[in-house]
Structures are given as C-alpha cells and as structure tokens.
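[1] Sharing a model that was predicted from the sequence below.
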Amino acid sequence: SSAPPSDAASASPTPDPALASATACEPSDLRLAAAVDKGRYHPGDEAQLRLGITNLSSTPCKLDVGTAQQEFTVRDAAGADVFSTRVCQQEPTHQDMLLDPHEEQSAVYRWDVRRSPSACGTPGADPAPGEHFLTVALGDLTSRPVSFQVRPSTCLLYTSDAADDSL
C-alpha cells in the first residue's frame, strides 16, 4: 500500500528538477537594468519602475529574485534619497528562478511618485520637481541609474484670471 502524501507535498507544486540541479548564477554573468515607463511624472502619478535581469552566460543558472533581494531606489539630482522599496517593506520573500541564457526576466514596482513616508501607512510628501534617478538592486548587483523628470504638482499649474476680468 502506498503512503498518503504529506501535507507539505500536497500544498506545494512539484519542484522543478532543472531549477533544483542548476548552478547558482555568477554575478559576472548577469546584467541588471533599471527602466521607467515614462520620461516625466507628476506627484501622485503611477510610475512603473522596472528591474530587468539577464543571464549573459551560455548555461541556465538559478538566482533568488524574491522581494527580499530586490530594491528600487529613487534619488534626486543631488544624490539624496527620495524613495526606496526597503522603507516600509512588508514580508519580503525569497524566490529562486531559473534564468535561461540571454533571457531577460523583469519585475515591476508601481510607485505613486511620492517620497518614502516618515510613518509607514501614511502617504509620503511630494518630491521636489526636477531630475531624478532610478537604480535597482538585486542582492549585491546594482544597475546604472536611469534619469526621469518630476514635474511640479498639477495643482500649482492652474491660476484664475477672474480677478483681471472685473471692472
């Protein structure tokens, strides 16, 4: 008679044998790239920040791509921190993934174009207008910065001419 499956086996998918037997990726074989979905944003917009990781070697390798390893960081032109996914991060995860040769995998973080909050659970302040830079990190790897603009808050762009019309 066969033994009933254990709770652990029935609760999780069958492990991928290719992933289990793959060697760990070497940092020198990986390219990490940051990207944004637009060149300019207003505070409160939804910006899609992208982390792309490519295996440059000729053999598959495995890498922990979980949120515990990922960091999206925005800095202003002076290099001061504006936002980081490490601030207020909840329940970071580990997730091994098989990276095939020359294939890019990506993760997207939706950012509301606000500073990291001083108290988690509250909205952050509007970042100052001007040039900002996104860098992404995965473990010890860090991308080159990608530039984008933060425009002034939209409520400052509208003025009323009503006072000029009265005689």
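    Now that the structure is in, tell me what you want to look at. Residues are numbered from 1 along each chain as shown.
[2] Distance-wise, check residue 50 relative to residue 146.
    Relative to residue 146, residue 50 is positioned 9 Å away (Cβ to Cβ, to the nearest Å). Quick note: C-beta positions are derived from backbone N, CA and C, even for glycine.
[3] any common contacting residues for the two?
    Residues touching both residue 50 and residue 146 (Cβ atoms under 8 Å, 6 or more residues apart in numbering) are 34-36.
[4] Which of those sits closest to residue 114?
    Proximity of these to residue 114 (Cβ to Cβ) peaks at residue 36, which lies at 15.3 Å.
[5] pretty sure that closest one is touching residue 150, no?
    No: with contacts counted by Cβ atoms under 8 Å, residue 36 stays clear of residue 150, the gap being 11.2 Å.
[6] Give me the phi and psi angles of residue 140.
    The phi/psi pair for residue 140 (degrees, to the nearest 10) reads phi -90, psi 0.
[7] Redo the shared contacts of residue 50 and residue 146 as CSV? Include pLDDT and secondary structure.
    Supplementary listing: those in CSV, determined by pLDDT from 0 to 100; DSSP: H, G, I helix; E, B strand; the rest coil:
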residue, pLDDT, secondary structure
34, 98, strand
35, 98, strand
36, 98, strand
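[8] Which positions in stretch 75-95 come out as buried?
    Neighbour-count burial for stretch 75-95 flags 75-76, 82-85 (criterion: 16 or more other Cβ atoms under 10 Å).
[9] Give me the mean pLDDT for it.
    Across stretch 75-95, the average pLDDT comes to 94.
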